[in-house]
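J.: Sharing a sequence plus its predicted fold:
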Amino acid sequence: MLDKTKVINGPFNLVLLAGEVEKFKLEGLKKDSVAFSVEPQSEDIEDGSKDLYAYLAKADVTFSQLDTTDLGNIQDPTIDSVEIRFTVKGKKIVISAPTNIIPSIDSLKTKIAIEKLSNTPNIADAFDLEAIV
């Protein structure tokens, strides 16, 4: 089970899928990282209190190798799942029906934020840990 906040360093592969079709893939990300977190989502109510309506589970993938032409592939609206594959460990983290996939560039690093709304603060309820078959 993943903790509320966890950072995992490479090597790993990042795969964005539309059904069974790979729309975007980065392999062998050795010096790169994935940070997982969960943030409560709330609205302010008239009496000054907050109404908690969901949790935002997030995987921030940071890496240094990206061609800017790939940004269009990352934001392809047909993408319906994301896999972060740790081949050395034989495991993958699957994010089905992500709410948002947001690429950005920070210094010389590229970041992809993969977000998914969840009803609980447990990241394992939003992201599935599976064996690589």
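T.: Now that the structure is in, tell me what you want to look at.

J.: Any idea how many residues pack against residue 16?
T.: By other Cβ atoms under 10 Å, the residues close to residue 16 number 25. In this view, the C-beta of every residue, glycine as well, is placed from N, C-alpha and C.

J.: If it is in a bridge, with which residues?
T.: residue 24, residue 82 (DSSP bridges).

J.: Who are the contact partners of the closest residue to residue 88 other than its chain neighbours?
T.: Among residues not flanking residue 88 along the chain, residue 11 sits closest, at 6.2 Å (Cβ to Cβ, 6 or more residues apart in numbering). Neighbouring residues of residue 11 by Cβ atoms under 8 Å, 6 or more residues apart in numbering: 28-30, 86-88.

J.: model confidence over the longest strand seen in the chain, on average?
T.: As assigned by DSSP state E, the longest strand anywhere in the chain is strand 50-63. The pLDDT scores in strand 50-63 average 89.

J.: Check stretch 91-98 too.
T.: pLDDT averaged over stretch 91-98 gives 93.

J.: and if you look at stretch 114-126?
T.: For stretch 114-126, the per-residue pLDDT values average out at 90.

J.: what's the answer for stretch 31-40, then?
T.: Here stretch 31-40 scores 88 as its mean pLDDT.

J.: Could you pull out the buried residues of that stretch?
T.: For stretch 31-40, burial by neighbour count (16 or more other Cβ atoms under 10 Å) applies to 32, 34, 36, 38.

J.: In strands, which of the residues you listed appear?
T.: Short answer: these in strands (DSSP E) are 34, 36, 38.

J.: Who are the contact partners of the last one?
T.: I take that to be residue 38. Residue 38 makes contact with 4-5, 55-58, 118, 121-123, 126 under the criterion Cβ under 8 Å, 6+ apart.

J.: Show me the beta-bridge partners of it.
T.: residue 57.
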